[in-house]
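**Student:** structure for this input, please:
(chains A and B, ligands or ions: 2)
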Number of protein chains: 2
Amino acid sequence: MTSETAAGNQRRQLHLGLFNQPLGRHVAAWRRPEFTGNPLDINYVTQLARIAERGKFDFFFLADSLVGPTPGATQRAGNLEPLTTLAAIAVQTTHIGVAGTATTTFSEPYNIARSFASLDHISRGRAAWNVVTSTWNAAARNFGAERLPDHAERYDRAREFVSTVKGLWDTWADDAIIRDKSAGDYIAADGIRELNHRGKHFAVEGALNVPRPPQGHPVIIQAGASDDGQNLAADIADIVFTAQDNIDDARAFSEGLRERARLVGREKLPLVLAGVLPIVGETREEAQAILERLEESSDIAQGIAQLSQRWGFDLSTYPLDEPPPPAVYDGNSHSDGHSRRKLFEQRARREGLTLRQLARVAIASRGHRLIVGSYVDIADDFEEWFLTGAADGFNLIPPVAPESVEAFVDLVVPELQRRGLFRQEYAGTTLREHLGLKRPERIRA
Amino acid sequence: MTSETAAGNQRRQLHLGLFNQPLGRHVAAWRRPEFTGNPLDINYVTQLARIAERGKFDFFFLADSLVGPTPGATQRAGNLEPLTTLAAIAVQTTHIGVAGTATTTFSEPYNIARSFASLDHISRGRAAWNVVTSTWNAAARNFGAERLPDHAERYDRAREFVSTVKGLWDTWADDAIIRDKSAGDYIAADGIRELNHRGKHFAVEGALNVPRPPQGHPVIIQAGASDDGQNLAADIADIVFTAQDNIDDARAFSEGLRERARLVGREKLPLVLAGVLPIVGETREEAQAILERLEESSDIAQGIAQLSQRWGFDLSTYPLDEPPPPAVYDGNSHSDGHSRRKLFEQRARREGLTLRQLARVAIASRGHRLIVGSYVDIADDFEEWFLTGAADGFNLIPPVAPESVEAFVDLVVPELQRRGLFRQEYAGTTLREHLGLKRPERIRA
Ligand SMILES: Cc1cc2nc3c(=O)[nH]c(=O)nc-3n(C[C@H](O)[C@H](O)[C@H](O)COP(=O)(O)O)c2cc1C
Ligand SMILES: Cc1cc2nc3c(=O)[nH]c(=O)nc-3n(C[C@H](O)[C@H](O)[C@H](O)COP(=O)(O)O)c2cc1C
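**Tutor:** Ligands and ions are numbered 1, 2, ... in the order given. Now for the predicted structure:
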């Protein structure tokens, strides 16, 4: 159901992920009197995944970082760890993909390979790995280092990491398990090979201790926005997750990425999924009212704090009713901040926003694109992005949980289905099947 | 329901774990025509845990290593990874503890702390961590090293690792999460502290990104048999898992361990659980028949191969009908093999076994104590071990799966309950409650 290019094709359909945001992305969403969700309650998180499954979403997505709250901070809620959470969700769902983030900077290929292989077995072929390189120096300080390795070094390691993990997944033949009861052979004598990888960052000799995943390789997601990040994505990503402020930039980004992928000879181009925060109503007015109600209990200082982090310096002393000052780019640790900051900067410039107005956007969106409208508005927006090649689909970031997810599933999904833009039913059972991706052959040694 | 000593106490009850052995421990168990279980099928593994839960077991236990099969090997089946597996099981059970093995040698405290914290949240207070130091050099070769660090070095790292993990679990106050909607504070300003650990092996600055586990600290299991291993257990273990061949050695081991724990000032002494492989029948003859049937489809060469690994050299050229030759101990990498080999050596000496007979024991037990008898025999054995201080309970290793587990739950558990040696119902909901362990206070910084 997918085509190899972004050009119009009647049967091509868009793809949807649900970004887990158990408190809602809008900083005030959890403060609503009716909100009872608890991010540590696996039943609640599973309920969100099940709503997405009811909406035939391709996957449920967990972001991740290796940084806890700083003392005195009152906002970071603490979350469950992605792999354990997704395993619990996998056995309580039947079709939706389970996508988890894991960094290549503070883990080892053998551990990551087996965890995702295991998740792929537990979910019967629905696992995806979002490959990240870590963004904050605070993560390094939890792993014995003062700061992150340099940006280029992180990507160099990431590249070797991913190929090592794929190599480990391929140490077992698909038909290695024979269970020959009369001969007493559980696995075939030629079913297993050693990896014998010796690279710059890793040396891994043996076979994995988990058989080849049902999908061959779990789906690879990548979200790097830098030049190195996009080059890695062009090489290895099945899905690219991106933060984009407007359709023109998104189209330029997607076309650029597809071009990079073509240049390295990719047959199947990466699917670009743009982050989006939809506030949906039956009508535009209803949607607007939801946003306004949230803004009432928002604290502008939280938006300023968030922008300060992106900007690289404290903005709290700047005048609120003037345009924000230019930001600082240090070329290394704030590379993720960089792409999200650009998003804020562009929006401020384009719409002539003051620091106060921009802080309001930050409060609602935290760096992704906020759209507010009726379900027809949202479907129109998605359709335009999709048909003009700006995105192959969307990673939905619910501003309010679980209501934004429910409203999207109940209102927008049927509208997208009516337009033939989205599946009515899951056609297959694995995430690769949902995405129209081939199951990779075992690479020859 | 537990006392602080092994001395007789009417209300003291024994504890039971189920060691996951999805193919059955006996090397021929999977070759039975009726066997259909698949270790990669989460539903099958969950079924085993549910049988144990029906039998009111304290916990379901997953061993682990970071070594895959070697090319040409036809026996190692491949397994799911413990943490993902236990998370999936946790949401499909209600009371049984979920205990997973993770090594301190090839992982980082921050990653382990959050995975087990997450599992404890997902299971609502039923998680346990079996702390191991890795046994095989092959694991090192999957993590960029030629061989394991020295034995003493591994334990030194393990000790710092565990205290760092506990420190991370304590970075959040139990009541850190306040969700003050009107003030907009999700966590209390004084709810979080940094760890600021700087040790010989690890430097970890920040707070964990997962709130304090429901149990405060997940339960700690430890299975080191060496002097260093027992000293670590005396300091940190809630449960010690041990391979013991006979009641006298077991009592000496348990008493020694309790003495070590007293010397370091432990209030609550570690619970010693001995590994045991019961082949149970309504009658002794029925049990014997089960074993004989298994032996028919066993290959003596597999037993010899297993013993060779423990012995440190190839035994296949030695005469089968004479006593086995003495073994070699290299003092480092085969320290685990050491304790299990001792078990074989003792048994051979005590019972005057030939190499062939010992290979048969190896085939059935793979280094743990095999007992064959009626449910009354097994209950008698357990009662004697328990009442004379040889063990506080047992980690059950099913020779045949799922039948050994079912037979134990249906025959032996009711017998133990009739004797007042085992719970009729779970009294609490957390693993600590099952074990009679206090919930640890947050350590003051
Ligand atoms: C849309 C988007 C989502 C991301 N999600 C995560 C995440 O969950 N965890 C993480 O550590 N980094 C995340 N990142 C950071 C990237 O993976 C990447 O490490 C970072 O952007 C630095 O690389 P770059 O300079 O190529 O952008 C995300 C980035 C983007 C653009
Ligand atoms: C009963 C028992 C069970 C064990 N289970 C595991 C295991 O699942 N994974 C592992 O890596 N090591 C396991 N070990 C090895 C120990 O944790 C320990 O690392 C090893 O015995 C070396 O330490 P030692 O010299 O103190 O015995 C086990 C040991 C015993 C005695």
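**Student:** show me where pLDDT drops low in the stretch 201-350 of chain A?
**Tutor:** Along the stretch 201-350 of chain A, segments meeting pLDDT under 70 span A:329-339.
**Student:** and the residue in it that ligand 1 sits nearest to, how many residues sit next to it?
**Tutor:** When scored by C-beta to the nearest ligand atom, the stretch 201-350 of chain A has residue A:229 as its residue closest to ligand 1, at 2.4 Å. (Each C-beta comes from the backbone N, C-alpha and C, glycine too.) When counting by other C-beta atoms under 10 Å in any protein chain shown, one arrives at 24 neighbours for residue A:229.
**Student:** now residue A:347
**Tutor:** The number of residues packed near residue A:347 is 20, by other C-beta under 10 Å.
**Student:** residue A:369 too?
**Tutor:** Quick note: residue A:369 (other C-beta under 10 Å) scores 23 neighbours.
**Student:** now residue A:240: which helix or strand?
**Tutor:** Following DSSP states H and E, one finds residue A:240 within strand A:239-242.
**Student:** next, the contact list for the closest residue to residue A:422 other than its chain neighbours, please.
**Tutor:** Counting by C-beta to C-beta, 6 or more residues apart in numbering or on different chains, residue A:422 lies nearest to residue A:416, which is 3.9 Å off, once chain neighbours are set aside. Contacts for residue A:416 (C-beta atoms under 8 Å, 6 or more residues apart in numbering or on different chains) come out as A:14, A:379, A:382-383, A:422.
**Student:** let me know the closest of the residues you listed to residue A:44.
**Tutor:** Ranked by distance to residue A:44 (C-beta to C-beta), these are led by residue A:422 at 25.8 Å.
**Student:** what's near enough to touch the closest one?
**Tutor:** So residue A:422 contacts A:13-14, A:16, A:56, A:413, A:416 (C-beta under 8 Å, 6+ apart).
**Student:** inside strands: which ones of these?
**Tutor:** Secondary structure from DSSP state E places residue A:16 of the contacts of residue A:422 in strands.
**Student:** which of the contacts of residue A:422 tops the neighbour count?
**Tutor:** Top of the contacts of residue A:422 by neighbour count (other C-beta under 10 Å): residue A:16, with 26 neighbours.
**Student:** coming back round to it: and the gap between the residue nearest to residue A:422 and ligand 2?
**Tutor:** Residue A:416 sits at a distance of 49 Å from ligand 2 (criterion: C-beta to the nearest ligand atom, to the nearest Å).
**Student:** want to throw the contacts of residue A:416 into TSV with distance to residue B:203, secondary structure and pLDDT?
**Tutor:** Output for the contacts of residue A:416, formatted as TSV (distance: C-beta to C-beta, whole Å; DSSP: H, G, I helix; E, B strand; the rest coil; pLDDT from 0 to 100):
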residue	distance to residue B:203	secondary structure	pLDDT
A:14	46	coil	98
A:379	51	helix	98
A:382	47	helix	98
A:383	51	helix	98
A:422	49	coil	98
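**Student:** contact residues of chain A facing ligand 1?
**Tutor:** A:63-65, A:101, A:103, A:132-135, A:223-226, A:228-229, A:241-243, A:275, A:335-336, A:339 (C-beta under 6 Å from any ligand atom).
**Student:** among the residues you listed, which are in reach of chain B?
**Tutor:** Residues of these in contact with chain B (C-beta under 8 Å from any C-beta of the partner chain): residue A:65.
**Student:** from the residues of chain A next to ligand 1, which ones fall inside strands?
**Tutor:** Secondary structure from DSSP E places A:101, A:103, A:132, A:241-242, A:275 of the residues of chain A next to ligand 1 in strands.
**Student:** pretty sure residue A:301 sits against residue A:316.
**Tutor:** Yes. At 7.1 Å, residue A:301 counts as touching residue A:316 under the criterion of C-beta atoms under 8 Å.
**Student:** per-residue confidence for the residue nearest to residue A:422?
**Tutor:** pLDDT for residue A:416: 98.
**Student:** can you pull out the strands in the stretch 101-250 of chain A?
**Tutor:** A:127-132, A:177-180, A:185-187, A:197-198, A:203-204, A:219-222, A:239-242 (DSSP state E, counting those that start in this stretch).
**Student:** just give the nearest non-adjacent residue to residue A:363, would you?
**Tutor:** Going by C-beta to C-beta, 6+ apart, residue A:363 has residue A:303 as its nearest residue, at 4.2 Å.
**Student:** my read is the one you found is in a strand, agree?
**Tutor:** No. Counting by DSSP: H, G, I helix; E, B strand; the rest coil, residue A:303 is not part of a strand but helix.
**Student:** chain B versus that one, what's the distance?
**Tutor:** Going from residue A:303 to chain B by C-beta to the nearest C-beta, to the nearest Å gives 12 Å.
**Student:** who are the contact partners of that residue?
**Tutor:** For residue A:303, the contact set (C-beta under 8 Å, 6+ apart) comprises A:27, A:358-363.
**Student:** now do 7 Å
**Tutor:** The contact partners of residue A:303, by C-beta atoms under 7 Å, 6 or more residues apart in numbering or on different chains, come to A:359-360, A:362-363.
**Student:** need those in TSV (columns: pLDDT, secondary structure and neighbour count).
**Tutor:** Listed next are these as TSV, based on pLDDT from 0 to 100; DSSP: H, G, I helix; E, B strand; the rest coil; neighbours: other C-beta atoms under 10 Å in any protein chain shown:
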residue	pLDDT	secondary structure	neighbour count
A:359	91	helix	26
A:360	86	helix	18
A:362	86	helix	25
A:363	83	helix	24
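**Student:** between those residues, which is closest to residue B:160?
**Tutor:** Taking C-beta to C-beta as the measure, residue A:362 is the one of the contacts of residue A:303 closest to residue B:160, at 40.7 Å.
**Student:** ok, that closest one touching residue A:307?
**Tutor:** Yes. Contact criterion C-beta atoms under 7 Å: residue A:362 and residue A:307 qualify, at 5.4 Å.
**Student:** quick check: neighbours shared by these two?
**Tutor:** Joint contacts of residue A:362 and residue A:307 (C-beta under 7 Å, 6+ apart) are residue A:344.
**Student:** show me what counts as buried in the helix or strand hosting residue A:259.
**Tutor:** Mapping residue A:259 onto the secondary structure by DSSP H and E places it in helix A:247-263. Neighbour-count burial for helix A:247-263 flags A:247, A:250-251, A:253-254, A:257-258, A:260-261 (criterion: 16 or more other C-beta atoms under 10 Å in any protein chain shown).
**Student:** related to what we said a few turns ago, which residues touch the residue of the stretch 201-350 of chain A closest to ligand 1?
**Tutor:** Shown in contact with residue A:229 (C-beta under 7 Å, 6+ apart): residue A:155.
**Student:** pull the residues that contact the strand holding residue A:240.
**Tutor:** Strand A:239-242 is contacted by residues A:130, A:219, A:221-223, A:225, A:233, A:253, A:257, A:270-275, A:395 when judged by C-beta under 7 Å, 6+ apart.
**Student:** which of these are buried?
**Tutor:** Buried by 16+ other C-beta under 10 Å: A:130, A:219, A:221-223, A:225, A:233, A:253, A:257, A:270-275, A:395, out of the contacts of strand A:239-242.
**Student:** buried among the ones in strands among the residues of chain A next to ligand 1? Make that a ChimeraX selection.
**Tutor:** Listed next is the ChimeraX selection for buried residues among these, using 16+ other C-beta under 10 Å:
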select /A:101,103,132,241,242,275
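**Student:** show residues contacting the host helix or strand of residue A:356.
**Tutor:** Element membership for residue A:356, per DSSP H and E: helix A:355-365. Residues outside helix A:355-365 that contact it (C-beta under 7 Å, 6+ apart) are A:25-27, A:277, A:291, A:295, A:298, A:300, A:302-304, A:306-307, A:315, A:318-322, A:324, A:344, A:347-348, A:370, A:399.
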